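*Asks:* Need a 3D model of the following:
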Amino acid sequence: MSRIIATLLLLAFALPVAAQDKKPQESPYTRLDSPLRVGEFNLGERSGERVRDLDLAGKVWIVQFFYPGCNRCIKTAPAMKRLQEIYRGKNDVGLLSIDLWTEKIETLQDYSAYCEADARQWLMLTGPKAKVYSVVRDSFHTLVAANPEPTAGDMVLHRTDIWLVDAKGFMVGYADGAPEGAADTLKEEIDRLRTRRRLEERIPVAGADLPRFNALLNSTCTILLLLGWIAIRLRYETLHKIAMLLALAVSMVFLASYLFFHFVVMEMEPTRFRGEGAIRYVYFTILLSHTILAIVVAPMAITITVQGLRNALAAHVKLARWTLPIWLYVSVTGVAVYWMLYRVEW
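*Replies:* So this is what the prediction gives:
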């Protein structure tokens, strides 16, 4: 048994030491230190409906400022189309394109067909130029102006940035939508915003409470396991049985809460670890060993419980010598994973 524990510890610490701690490259995404709230606006959509700022509430929005025929905007279209494909059918993500030049609904409809834009998820807004410019500047805090020396495809001075607006209506960051790979750059941040929205949603408790609750269950299980081990060493068999049965019950509650969090709250989206360099090897080593051993220990814990209740003491003691340290390791590393994901700023 000691050899197995030593091997696991060696694996946990040898990998990060061997790994090269590479300095992360500067991200093409710019996150605002002080998010900007989207101001009031009311513009026409290609469908003829009106869209207001209040209509953005509750979703993560991908916002593009463009106009059909723009030499630069055409470079951002692939990123928007790609993001639509990634999040197609996801009711918590929307795309919003604001036309800076064209006032005709028919032109927007033609551009929408060119982009294969899903009208249920990708909104395209327009209006009188003066009003649109006012909305872009005052509501979306973005620079825009008519080109004093206009040429075909260059009628408006603006940037090719694609902005992200969180579910509370704040502009939180942007990335240039023109370069190849812009969609992938934005996807990481969109997923982070979607995760935050889910965690803040009431269910009736906040989703963010569940990881902390699960860590508390793991901590409680650890204490009960140690209490049960001490009790049996002191020959307090009744106390041992109570502690171990409670540990099993806590573990079952943890499993139910864990599955609810990942399948219902997170909708099976992975929780991403944001640490860089060698610490990633530490995290994934702990996570991998925790996951594998959790799968292994579940039937073992049930088996020794049945053996103990049936007074099959010889078989119970033999299997318990393996089950207890594995169970303890799973409980302790569960807390470690929680701290590395949610409590430490990397």
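*Asks:* Quick one: low-confidence residue ranges for this protein.
*Replies:* Applying pLDDT under 70 to the chain flags the ranges 1-26, 202-208.
*Asks:* mind listing the helices for the stretch 151-300 of the chain?
*Replies:* Using DSSP state H, counting those that start in this stretch, the helices of the stretch 151-300 of the chain run over residues 182-200, 209-233, 237-260, 278-309.
*Asks:* Any chance of JSON lines for those, columns mean neighbour count and distance to Tyr111?
*Replies:* Where you see a C-beta, it was placed from the backbone N, CA and C, and this is true even at glycine. JSON lines is the format used below for the helices of the stretch 151-300 of the chain (neighbours: other C-beta atoms under 10 Å; distance: least, C-beta to C-beta, whole Å):
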{"stretch": "helix 182-200", "mean neighbour count": "19", "distance to Tyr111": "19"}
{"stretch": "helix 209-233", "mean neighbour count": "18", "distance to Tyr111": "43"}
{"stretch": "helix 237-260", "mean neighbour count": "16", "distance to Tyr111": "43"}
{"stretch": "helix 278-309", "mean neighbour count": "17", "distance to Tyr111": "42"}
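*Asks:* okay if I get these as CSV plus distance to Ile98?
*Replies:* As requested, the helices of the stretch 151-300 of the chain are arranged in CSV below (distance: least, C-beta to C-beta, whole Å):
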stretch, distance to Ile98
helix 182-200, 17
helix 209-233, 37
helix 237-260, 39
helix 278-309, 39
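*Asks:* Please identify which of these is closest to Glu106.
*Replies:* Closest to Glu106 of the helices of the stretch 151-300 of the chain, according to C-beta to C-beta: helix 182-200, at 28.1 Å.
*Asks:* so that closest one versus helix 209-233, what angle?
*Replies:* 60 degrees (axes from the mean of the first three to the mean of the last three C-alpha atoms, to 10 degrees).
*Asks:* residues in contact with helix 182-200?
*Replies:* With contact meaning C-beta atoms under 8 Å, 6 or more residues apart in numbering, helix 182-200 is reached by 27-29, 31, 58, 60, 62, 76, 78-79, 82-83, 86-87, 90, 92-93, 162, 164, 166-167, 172-173, 175-177, 206-208, 265-267, 269, 271-272.
*Asks:* again, only using 6 Å
*Replies:* Residues from elsewhere that reach helix 182-200 (C-beta atoms under 6 Å, 6 or more residues apart in numbering): 28-29, 60, 79, 82-83, 92, 164, 166-167, 175, 207-208, 265.
*Asks:* And those residues, which of them are buried?
*Replies:* Those of the contacts of helix 182-200 that meet the buried threshold are 29, 60, 79, 82-83, 92, 164, 166-167, 175, 207-208, 265, by 16 or more other C-beta atoms under 10 Å.
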